[in-house]
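**Student:** Dropping a prediction and its sequence here:
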Amino acid sequence: MNGHRMTGLERREARAAYGFLAPALFLFVVFVAIPVVAAVLLSFTRYDIFHRPVWIGFDNYRNLMRDEVFHQSLVNTAFYAACTIIPGMTLSLALALILNAKLRGITFYRAAYYLPVVTSLVAVAMIWMWMLQPTSGLINQGLANFWEPFVRWLGGALNTVSFGLIGDTLMKYQAPQPSWLGTPTGIISVGRYPLSLTLQAIVMVALWAGLGWNMVIFLAGLQGIPTHLYESAMLDGAGPWQRFLNITWPLLKPTTFFIFVTAVIGASQVFGTVYVMTNGGPNNTTTTIVHQIFQNAFAFLKMGYASAMAFVLFLIVFAVSMFNWIFLRGESDYGL
Amino acid sequence: MPCLALAVLLAGCGRKSTVQSIDLWIVDWNVDTRDLLNNTILPDFEKKHGVKVRVQYLDWGHLDEKLTISFAGGVQPDVFQVGAEYVGSMAYRGQAMMLDEFMKDWPQHKDFIPAAWDTVCTGGHVYGVPYLSAPRVLVYRKDLMQSAGLPVPPRTWDEWVTSGLKLRKLNARGNVVRTGINLSSGANWSTFITFLWQNGGELLTPDERRAAFNSQEGVEALTFLCDLYNKHKVCPREGIPSAAANVPLFAGGQTAQEIINQFAIKNVIKYAKEFTVDDVGVAPAPYSKRPVVTVWTDWLAISSGTKKKELAWELVKHLTRPDNLIKYNETQYFLPPLRSARNSDYVRNTPFMTEYFDLMDKYGMSLPPIPEWFEIRAGLRNAVDQAVYGAKTPKQSLDDYAKQVDELIAQRERTL
Amino acid sequence: MKKLKTALFYVILTLGALTMIIPFLWMVLTSLKPQNEIFTSTLSLKTILPSVWRWRNYADAMAAAPFGRYFLNTAIIAVGGTALTLTISSMAAYAFARLRFPGRNALFITILATMMVPAQVTMIPSFIILRHMPLFGGNDILGNGGHGWLNNYLGLLVPGAAGAFGIFMLRQFFQGLPRDLEDAARIDGATESTIFWRIILPLSKPALAALGTFGFTSRWNDFMGPLLIMSDDSMKTLQIGLQVFQSQYTTQWDLLMAGTVLVTIPVIAVFLMGQRYFVSGIALTGVKG
């Protein structure tokens, strides 16, 4: 808008805009902007609450580059994000499409899928800690008392029709009883950082817990698509997949962008479940960036260092979001 | 909607009170403790001094956050309870007030068991008063050892390994049903420190400026721990899970020995089905050079910014008055760290409490007060686990981390 | 064939729903069991169900702490906070979505960017600001001497009201609305305010319902906020109250689960009320043509 004097109409519109914005902006400046600026400034200091902050320039950032535990938290968080964002969004969208129907009893299903969201994080963590218990937990009990007998039965059945080699092996099958939350090793590793079984268990819990949240937002977004578009398309002979591709998906773009950005932010800031279920262990294989920030800020009293971590996190997330915005803006009229 | 907003704003206006109040934060508590404080101990104090005690019951998981933020915001409590590892940090940061001036009029301070009193002192000053103690000793199944013909109890590291292997029980599938020794895998760092001290090593050099845990003694101690896991295989590295949550391994008969505090006895009384408390014995953990009992003591501190110093000190004295102290410890099965408490009904009548008491008095050691302790603990845990999981050799792991500790402590000088 | 597909479809959907529900079911069953039946080591149909149905657990749980007072506090914070957020965020979102003004995109991106900074590092500055609110809680005009908005509903109601999440979500939704009705109204000379309150908001019921449900849920389940802000027992909330069943060495699972079930019921109720609107179509009468 540089070098352009606004017309009366535009001025009126801008004034109205400021009116609408004023309350939010005021609260935002006082309770969000100022603390964030304070945090950024603190990241260039050494500050333990009880002594005055001491300016140390980029030292915190330099130390971050050598901090192996921080690097491990980066790897863990990236893995967590990769496993929860796209799969989670896809599942939520599918669910929303299915549960958008006005079928009998659909309310029950919607409520069922939203239930994990409704339950407090601590309750969810406790329930899963119990379910993942190696001996008495539901998962391993299910494996030992239902899955194992089933596989053995299968082996026995195969024995009667085949030469017994496969059947014999199956009949001796012993279900694994892993220590879901206590295993610091895993099949894959990134460099020297293992992606432990425990980390994968946490990812599963997160997917389970987060499905309903995005489902609700997609549901709300789907309502904004005028039904007459679908009707015209059906008259033209378009099948369900074509209708999705040409109507639903493009018109859902604003909602999808929103969900993607909030999913990236949410995944990058994962902390609560990790803190309650494993406290970053075993062997730091489930520590996340925010978990490191929490430890450094409140246990080690290194607020400056923690702020530097937060700023690094911010830069990564900002870059990812902007990338998504620039490259996926697409052709729809609806912009961002 | 505007009416709702107005009502909410009006409801939010604060209340004013005219009676002086003092803030107390308690962290280790259960329902009985809370009732004891709320119904007996605190009203007693309130009546005597004409004040109101505002007590908050917190939990360890959230204490650090709430404490830090409250101090930063200038609304810290007057008296608060913290754990065994806090004094270094609190003294260094001036978070807890020095209580030296009160000691000359309070002879009770000489009555505390040394290992507990060490938890509240650093740099020659006193920063708090011990409140609840939990020493860790070897708890073992006498009956199993006797029927296996083993020395009761094992005294050396070698005897320990033998007993660990002999007392192991497997089931039909070849899974371990009972370990000979339970090493709580989540706390390998604590076990390492016990072995280190037993072997004559120290965590830091006497001037507390550099790491000393990578000495010959330290490497031997860590090697012993790794061998227990990997060579002798007395206990799986991930530990064995308890058969039922809330029933710990020893009480559930899933391990024959454990280095643990007095809660093990309480749990045996409450949960044990295969054996009784008469089948249990306690002793200092088997050692190579000297017996060591690590002691973990919660203590009460007065925050340095308090405006009610005298009243806060009165409250601390009241809470740690022998009768109140013993009653409070009793509600939670903690050990009251006063020498004179040895003759109390609680200590005498509780199974093994006297034994724990004597062991703590004779061999008790508490962690050295280091300002950066929480960070060092996190790194030490990592270093020990790396050795246990074979990522590095014990010597390599300890040497690498010792370098980091030296750097960390060196940074302290540059701050002030 | 079609019947088979529908049946299969329902089966898969139900299995998925069951996985969502089973933990909650376990919670309810545990809340009705006597203490010694919880966490048994063998899973069988016999041990899943309680041998005696201890409805008493619910009464015992409610008696363990002043939950009635906690309920009132939590309700005020959740309802009041959600109402504030919906109002303030929707107004701001409308400005970003439909009104042009200098610096609109930059401001929006700035607001988004602050969402990317984890709360742990802004907690202390925020806390200090709350504590030094002038003229509240015994503070003078410069904000010194008292407790400001600490230990006060305002400390929890106001700071979260301008959450970037709500502004972002509603902006996206508003952008997706067809402009026909608004343009017609503008041509007729309606003010932005009229358009906002009379046209946009009624069309936005799905998004408002969704945001309202989220806001209510997260405030109802918030633990850290009340823990930091409230120091008097009379101001505490339900989540903090549930702590009474957990001490460091033992957890009273039966009462804790009973308490948790009770605390979760209002949120489910709010969801059930709101979910009708998630799927209400937009009344587009008068748009075709």
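**Tutor:** Cool, got the structure.
**Student:** worst-scoring helix or strand of the chain, pLDDT-wise?
**Tutor:** Looking at chain A here, since you left the chain open. helix A:165-171 (a mean of 77; mean pLDDT, DSSP states H and E).
**Student:** sorry, should have said chain C
**Tutor:** helix C:45-48 (a mean of 66).
**Student:** Helices of the stretch 101-250 of chain B, residue ranges please.
**Tutor:** B:114-117, B:142-147, B:157-166, B:188-198, B:216-230 (DSSP state H, counting those that start in this stretch).
**Student:** What about residue 145, how many residues nearby?
**Tutor:** Since you didn't name a chain, this refers to chain A. Per other Cβ atoms under 10 Å in any protein chain shown, the neighbour tally for residue A:145 reads 14. Any C-beta I mention is one placed from the backbone N, CA and C, and that applies to glycine too.
**Student:** To clarify, I was referring to chain C.
**Tutor:** 11.
**Student:** which ones are touching it?
**Tutor:** Residues counted as contacts of residue C:145 (Cβ atoms under 8 Å, 6 or more residues apart in numbering or on different chains) are C:138, C:139.
**Student:** which SS state does it fall under?
**Tutor:** coil (DSSP: H, G, I helix; E, B strand; the rest coil).
**Student:** Please report how far it lies from residue B:307.
**Tutor:** 12 Å (Cβ to Cβ, to the nearest Å).
**Student:** likewise residue A:17?
**Tutor:** 49 Å.
**Student:** Also residue C:9?
**Tutor:** Taking Cβ to Cβ, one finds residue C:9 at 68 Å from residue B:307.
**Student:** swap in residue C:163?
**Tutor:** Taking Cβ to Cβ, one finds residue C:163 at 36 Å from residue B:307.
**Student:** and what of residue C:226?
**Tutor:** Applying Cβ to Cβ, the value for residue C:226 to residue B:307 is 26 Å.
**Student:** Looking at the two now, which is surrounded by more residues?
**Tutor:** Ranked by neighbour count (other Cβ under 10 Å), residue C:226 and residue B:307 place residue C:226 first, with 22 against 8.
**Student:** got a list of contacts for the helix or strand harbouring that one?
**Tutor:** Using DSSP states H and E, residue C:226 maps to helix C:224-229. For helix C:224-229, the surrounding residues in contact (Cβ under 8 Å, 6+ apart) are B:58, B:62, B:65-66, B:69-70, C:73, C:77, C:123, C:127, C:130, C:149-152, C:155-156, C:160, C:235-237, C:239-240.
**Student:** Show me what the longest helix that chain A contains is packed against.
**Tutor:** For chain A, the longest helix by residue count, based on DSSP state H, is helix A:68-99. Secondary-structure packing of helix A:68-99 (3 or more Cβ pairs under 8 Å, 6 or more residues apart in numbering or on different chains; DSSP states H and E): helix A:106-118, strand A:193-194, helix A:197-223, helix A:253-268, helix A:289-294.
**Student:** How about the residue most central in space within chain A: what's its closest non-neighbour residue?
**Tutor:** Central residue of chain A (Cα atoms, centre = their mean): residue A:267, 3.5 Å from the mean position. Nearest non-adjacent residue to residue A:267, counting by Cβ to Cβ, 6 or more residues apart in numbering or on different chains: residue A:81, 3.9 Å away.
**Student:** can you check residue A:249 too?
**Tutor:** residue A:256 (8.0 Å).
**Student:** Can you give me the distance of that neighbour to residue A:293?
**Tutor:** Look at residue A:256 and residue A:293: by Cβ to Cβ, they are 29 Å apart.
**Student:** If you count surrounding residues, which of those two has more?
**Tutor:** Between residue A:256 and residue A:293, counted using other Cβ under 10 Å, the more crowded position is residue A:293 (28 against 21).
**Student:** so that one touches residue C:118, yeah?
**Tutor:** Yes: taking Cβ atoms under 8 Å as the definition, residue A:293 is a contact partner of residue C:118 at 5.9 Å.
**Student:** how about low-confidence regions in the chain?
**Tutor:** You didn't say which chain, so I picked chain A. A:1-4, A:163-164, A:328-336 (pLDDT under 70).
**Student:** You answered for a different chain; I wanted chain C.
**Tutor:** Ranges of chain C meeting pLDDT under 70: C:1, C:39-47, C:248, C:279-289.
**Student:** Give me the most central residue, it.
**Tutor:** Chain C, centroid-nearest residue using Cα atoms, centre = their mean: residue C:217 at 2.4 Å.
**Student:** and residue A:12, how many neighbours does it have?
**Tutor:** 14.
**Student:** Distance of it relative to residue C:241?
**Tutor:** 51 Å.
**Student:** swap in residue A:40?
**Tutor:** Taking Cβ to Cβ, one finds residue A:40 at 37 Å from residue C:241.
**Student:** do the same with residue A:305
**Tutor:** Distance, residue A:305 to residue C:241, by Cβ to Cβ: 35 Å.
**Student:** higher neighbour count, these two?
**Tutor:** Each of residue A:305 and residue C:241 has its neighbours counted (other Cβ under 10 Å); residue A:305 has more, 28 against 24.
**Student:** Quick check: which element contains that one?
**Tutor:** Here residue A:305 is assigned to helix A:303-327, by DSSP H and E.
**Student:** can you map out the helices along the stretch 251-400 of chain B?
**Tutor:** B:263-271, B:309-319, B:322-332, B:345-349, B:353-363, B:373-388, B:394-415.
**Student:** Now do the second one: which elements does it pack against?
**Tutor:** Using 3+ Cβ pairs under 8 Å, 6+ apart as the contact definition, the elements that helix B:309-319 packs against are strand B:21-26, helix B:42-49, strand B:79-82, strand B:128-141, strand B:293-302, helix B:322-332.
**Student:** I'd like to know how many residues surround residue A:38.
**Tutor:** 18.
**Student:** Pull the distance from stretch B:210-221 to the chain's centre.
**Tutor:** 23 Å (Cα atoms, centre = their mean, to the nearest Å).
**Student:** distance between the ends of it?
**Tutor:** Terminal residues of stretch B:210-221 lie 19 Å apart, using Cα to Cα, to the nearest Å.
**Student:** what sits up against it?
**Tutor:** B:192, B:195-196, B:198-205, B:288, B:380, B:394-395, B:398-399, B:401-402, B:405-406, B:409.
**Student:** Would you mark the buried spots in that stretch?
**Tutor:** Buried residues in stretch B:210-221, counting neighbours by 16 or more other Cβ atoms under 10 Å in any protein chain shown, are found at B:211, B:212, B:213, B:214, B:215, B:217, B:218, B:219, B:220, B:221.
**Student:** One more: stretch A:304-319?
**Tutor:** Buried, per 16+ other Cβ under 10 Å, within stretch A:304-319: A:304-314, A:316-318.
**Student:** nearest to residue B:332, of those?
**Tutor:** Checking those against residue B:332 with Cβ to Cβ, the nearest one is residue A:306 at 33.4 Å.
**Student:** Leaving out the residues flanking it, which one is nearest to the spatially most central residue of chain B?
**Tutor:** Central residue of chain B (Cα atoms, centre = their mean): residue B:296, 3.0 Å from the mean position. Excluding the flanking residues, the one nearest residue B:296 by Cβ to Cβ, 6+ apart is residue B:84, at 4.2 Å.
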